[in-house]
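1. here are the coordinates; sequence isn't available:
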């Protein structure tokens, strides 16, 4: 099969590789669409030791089951594979499973390829009316749905109406959409890139400002980037008694004003991926239209994947998400 393979820092190559062989309980999926995630970019830049070259990246995917009793079924993929038996899994917090695996990290190759293998329990059916390019957005949307759910639950009663999202990429936009879907009435996105601000305001219907304009105190602040600079913004903008939800993994340290957080009793919540229920709830919200039209991704062929990564690296991309299509 044809795949886009990460071979070294800022290097991706189209290669012929062996087709994956499903194991017990798994099925083969012909990938129709796979989104480029920030974690894929971290690997591409050589910043993620968990994703060593050579490796097929990509974990935001949807496609069609190939073979078996469900041959031809349209599905979106929960890429987080867990044991199902540990205390975390049994309590519905599969994302904390100590044995968790995710496609695009060894030993599981990713979805920037014609085929990927997945446990059947990780698949959610996609209605015929939903394009598979849209269904591939379920994974990043679920990341933010999970984060918003935890952040809203941590707020004191009566103060859940206002939120600031730091970062206007796919995760930040998804957080803004999830906040509105979960009952937040005032959501502002802070984004430094002027081209992206214009796209978000024009195409996605969100309120977006430059970071310097994100003034005031906010009961809920979501850092969708995870750099020291964005954590500093979150620390400064969180209201006394407020909540900071941290999604991004841009940098490991720096930025938090621990003294202010302590004196003002600001809660900090780190969030990672999503539970299985979060993923299913996100898919249901997508189908019901609660997250908007979801027409803000750009689709390119897998053969254009290396150029897409280079464009993102150079800051030439205004859209929040590029989705690669293995057939192209």
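-> The structure has been received and is ready for your questions. Since we're looking at a predicted model, the values are computed, not measured.
2. Assign the nearest residue to residue 191 once chain neighbours are set aside to helix, strand or coil.
-> If the residues on either side of it in the chain are set aside, residue 191 comes closest to residue 168, at 3.1 Å by Cβ to Cβ, 6 or more residues apart in numbering. In this view, the C-beta of every residue, glycine as well, is placed from N, C-alpha and C. Here residue 168 is recorded as coil under DSSP: H, G, I helix; E, B strand; the rest coil.
3. Does residue 168 touch residue 198 like I think?
-> No. With contact defined as Cβ atoms under 8 Å, residue 168 and residue 198 do not form a contacting pair (10.5 Å).
4. Now for the residue nearest to residue 191: which residues touch it?
-> 189-191, 193, 196-197, 200, 208, 320 (Cβ atoms under 8 Å, 6 or more residues apart in numbering).
5. Keep only those of those that are in strands.
-> 189-190, 208 (DSSP state E).
6. Would you agree residue 81 is in contact with residue 120?
-> No. Using Cβ under 8 Å, residue 81 is not in contact with residue 120; the gap is 11.5 Å.
7. which of the two has more neighbours?
-> Taking other Cβ atoms under 10 Å, residue 81 and residue 120 do not tie; residue 81 has more neighbours (19 against 16).
8. could you give me the average pLDDT of stretch 88-99?
-> Averaged across stretch 88-99, pLDDT comes to 97.
9. Straight-line length of it, end to end?
-> 10 Å (Cα to Cα, to the nearest Å).
10. Can you give me the buried ones in it?
-> Across stretch 88-99, burial judged by 16 or more other Cβ atoms under 10 Å covers 88-89, 94-95, 97.
11. now swap in stretch 132-142 and tell me
-> Neighbour-count burial for stretch 132-142, with 16+ other Cβ under 10 Å as criterion, is recorded at 132-142.
12. And it, end to end?
-> Note: stretch 132-142 ends 16 Å apart using Cα to Cα.
13. Contacts made by that stretch with the rest, please.
-> 32-35, 37, 59-64, 74-79, 124, 126, 170-171, 174, 177-178, 273-274, 278-279, 282-283, 285-286, 291, 294-295, 297, 299, 321, 323, 325.
14. Return the subset of the buried residues of stretch 132-142 lying in helices.
-> The helices, defined by DSSP state H, take in 132-135, 138-142 from those.
15. Closest to residue 184 out of these?
-> residue 141 (15.7 Å; Cβ to Cβ).
16. how close does that closest one get to residue 275?
-> 14 Å (Cβ to Cβ, to the nearest Å).
17. Let me know the outermost residue of this structure.
-> residue 263 (32.4 Å; Cα atoms, centre = their mean).
18. and that one, how far is that from residue 223?
-> Taken as Cβ to Cβ, the span from residue 263 to residue 223 is 20 Å.
19. ok, back up a step: dump the ones in helices among the buried residues of stretch 132-142 into a markdown table; add distance to residue 7 and pLDDT as well.
-> Output for these, formatted as a markdown table (distance: Cβ to Cβ, whole Å; pLDDT from 0 to 100):
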| residue | distance to residue 7 | pLDDT |
| --- | --- | --- |
| 132 | 27 | 98 |
| 133 | 26 | 97 |
| 134 | 30 | 98 |
| 135 | 29 | 98 |
| 138 | 29 | 98 |
| 139 | 24 | 98 |
| 140 | 25 | 97 |
| 141 | 30 | 98 |
| 142 | 29 | 98 |
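20. ok, those vs residue 236, which is closest?
-> Nearest member of these to residue 236, counting by Cβ to Cβ, is residue 140, at 26.5 Å.
21. picking that back up, while we're on the residue farthest from the centre of the chain, how confident is the model there?
-> 98.
22. doesn't residue 187 fall inside a helix?
-> No. Counting by three-state DSSP, residue 187 is not part of a helix but strand.
23. Touching, it and residue 163? I think so.
-> Yes. Contact criterion Cβ under 8 Å: residue 187 and residue 163 qualify, at 5.2 Å.
24. Looking at the two, which one has more neighbours?
-> residue 163 (29 against 23).
25. Need the nearest residue in space to the more buried one, chain neighbours excluded.
-> Residue 163 sits nearest to residue 220 (Cβ to Cβ, 6+ apart), 4.1 Å away.
26. likewise residue 130?
-> residue 287 (6.4 Å).
27. same thing with residue 235?
-> Closest residue to residue 235 apart from its sequence neighbours, by Cβ to Cβ, 6+ apart: residue 257 at 3.9 Å.
28. quick one on the thing from earlier: what's the most distant pair in the contacts of residue 168?
-> 190 and 320 (14.3 Å).
29. can you pull the contacts of residue 278?
-> Per Cβ under 8 Å, 6+ apart, neighbours of residue 278: 142, 145-146, 149.
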